[in-house]
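Participant: Pasting the sequence and the predicted model now:
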Amino acid sequence: MKSENTLQSPFLEKLDAQLGEVMAQVAQLFEGLSVEQFNWKPSPQSWSIAECMQHLLVVYSHYQPQLPQQITPHAPRNTHNEAPRSRFMGRFFKRFVNPDKFRKIPAPKSLQPARSEYPLSFANAIWTIWPKCAPLCKSR
């Protein structure tokens, strides 16, 4: 019997490791940024690093309550080395965020950053997401 903190499949183990690597890369990239760099925009229509982070936090807070229900309490856990099957909206979002098939679509107003300038300390906010997301990859 697997413990509460054991991942269910090689796919989820790989996903968990990849998310950890991304968070380490984010920490390394943010280290040493000035407030100006954190809020710099390549163009007036583009978002800064800070605005991108705010968007991720807003989207996470919007969808997070639904995540535990969507991680298949209705279907058996995937114990094979493959990605879980997605419903229509899951496939839509997967294609939507695929960097190889990138097509800019404006975020809904409710999911856009609230402002355009953020203090550098705001970078710490992204770390509030990881401890909440990681358990979703774990067995229950």
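Facilitator: Yep, it's here. Numbering: from 1, shown residues only.

Participant: can we go C-alpha only for contacts and neighbour counts from here?
Facilitator: Fine.

Participant: Can you tell me, leaving aside adjacent residues, what's nearest to residue 119?
Facilitator: In this structure, residue 119 finds its nearest non-sequential neighbour in residue 35, 6.4 Å apart by Cα to Cα, 6 or more residues apart in numbering.

Participant: Could you measure from the one you found over to residue 51?
Facilitator: 13 Å (Cα to Cα, to the nearest Å).

Participant: what residues are shared contacts of those two?
Facilitator: residue 118 (Cα atoms under 8 Å, 6 or more residues apart in numbering).

Participant: The helix or strand residue 14 falls within: what's the following helix or strand?
Facilitator: For residue 14, the element it lies in under DSSP states H and E is helix 10-30. Counting by DSSP H and E, the next helix or strand C-terminal to helix 10-30 is helix 35-39.

Participant: Now tell me what touches that following helix from outside.
Facilitator: So helix 35-39 is in contact with 48, 49, 50, 51, 116, 117, 118, 119, 120, going by Cα under 8 Å, 6+ apart.

Participant: Let me see the mean pLDDT of whichever strand or helix holds residue 55.
Facilitator: Per DSSP H and E, residue 55 falls inside helix 49-63. Helix 49-63 carries an average pLDDT of 84.
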